[in-house]
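Build me a model from this:
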Amino acid sequence: MSESELSFDVDAHAAIIERQGYTIIENFLDAGTVAEVREGLARYLGTHEGRNDFEGYKTERVYTLVARGPVFERLVEDSRVLGLCDRFLLPGYLLTASQAICIHPGETPQAVHSDDSFYTIPRPRRALSFSTIVAVDPFTTDNGATEIIPGSHTWSDAEVAGTYYGRKDESSEPPILLERIQPVEMPAGACLAFLGTLLHRGGANRSSASRLAFSNQYCQPWARTQENFYLGIPREQVRKMSPRLQQLLGYDIWPPFMGHVTASHPAKALAPDFVPPVLGQNPRSD
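Numbering: from 1, shown residues only. The predicted structure is shown next:
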């Protein structure tokens, strides 16, 4: 465990999050880890751009990042992030999304949204997910820094009306949102950690260089995850991951029995000789 992890004050950061909906973890990554992340992403970038306005027509996203290399496995299990998840989510919480985001020059602002808005439970309420965005490149006002509305994690449905996925342009955002939104400027290696109810967006990139980051998001153990890791990551690869990471990917039970595999623990499905019970149990012929 790094010195930064050992000295991390979970109580202080949790209190800040309760008050304003987010916190910034300085020096989340050291220079060596930033370089390792950049190297690990290099092979996937430069090949495609987003398919819609929300993904960003000039933005590249690398999904299922947790399965793209050992460094990304380690970062999903970071003790500081999991310590905060322990405060805001129920035991047994899951990894719901893991992706890299590279915003290229000329990208327009993303629609204002909250990360758990697809769980249609009335607001105000406790967050059902917890998100992190880690800067690989420095975040500036001009290069597409994430923009947030502090305190919006407590807003009601009426107050967040007009925010949704797929908004076409900034001029169509409710004026009150544009008045309150703030860019999060932070150096490479810093981490923005926030509740799933906080309103935010990816900013416009008005610079001449790309802005690279990655995001790991976690959700309540009973919630459907954004990414289907059962299909996205081969079982042979999951088998080599740590037990904690296997649990975060869903190979565990949320008591008393949510997530079972034909009445068995889902971790049994990782055994090399596992045969789905529907194939291994022949019906009687008489």
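
Show me where the protein has its helices.
Counting by DSSP state H, the segments of the chain that form helices are 3-6, 10-20, 31-42, 70-76, 79-88, 175-180, 229-232, 235-238, 243-248, 277-280.

who touches the longest one?
With Cβ atoms under 8 Å, 6 or more residues apart in numbering as the test, helix 31-42 has contacts from 29, 62, 68-69, 71-72, 75, 100, 102, 136, 188-189, 212, 214. Where C-beta positions appear, they are placed from N, C-alpha and C, glycine not excepted.

In JSON lines, list those along with pLDDT, neighbour count and distance to Trp222.
Conversion of the contacts of helix 31-42 to JSON lines gives the following (pLDDT from 0 to 100; neighbours: other Cβ atoms under 10 Å; distance: Cβ to Cβ, whole Å):
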{"residue": "Leu29", "pLDDT": "98", "neighbour count": "24", "distance to Trp222": "31"}
{"residue": "Val62", "pLDDT": "96", "neighbour count": "20", "distance to Trp222": "28"}
{"residue": "Arg68", "pLDDT": "97", "neighbour count": "20", "distance to Trp222": "27"}
{"residue": "Gly69", "pLDDT": "97", "neighbour count": "16", "distance to Trp222": "30"}
{"residue": "Val71", "pLDDT": "98", "neighbour count": "16", "distance to Trp222": "30"}
{"residue": "Phe72", "pLDDT": "98", "neighbour count": "21", "distance to Trp222": "26"}
{"residue": "Leu75", "pLDDT": "98", "neighbour count": "23", "distance to Trp222": "25"}
{"residue": "Ala100", "pLDDT": "97", "neighbour count": "23", "distance to Trp222": "28"}
{"residue": "Cys102", "pLDDT": "97", "neighbour count": "25", "distance to Trp222": "33"}
{"residue": "Val136", "pLDDT": "98", "neighbour count": "21", "distance to Trp222": "32"}
{"residue": "Ala188", "pLDDT": "98", "neighbour count": "19", "distance to Trp222": "36"}
{"residue": "Gly189", "pLDDT": "98", "neighbour count": "21", "distance to Trp222": "34"}
{"residue": "Leu212", "pLDDT": "98", "neighbour count": "23", "distance to Trp222": "33"}
{"residue": "Phe214", "pLDDT": "98", "neighbour count": "25", "distance to Trp222": "26"}
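
Among those, which ones are in strands?
Among the contacts of helix 31-42, the members falling in strands are 62, 100, 102, 212, 214 (criterion: DSSP state E).
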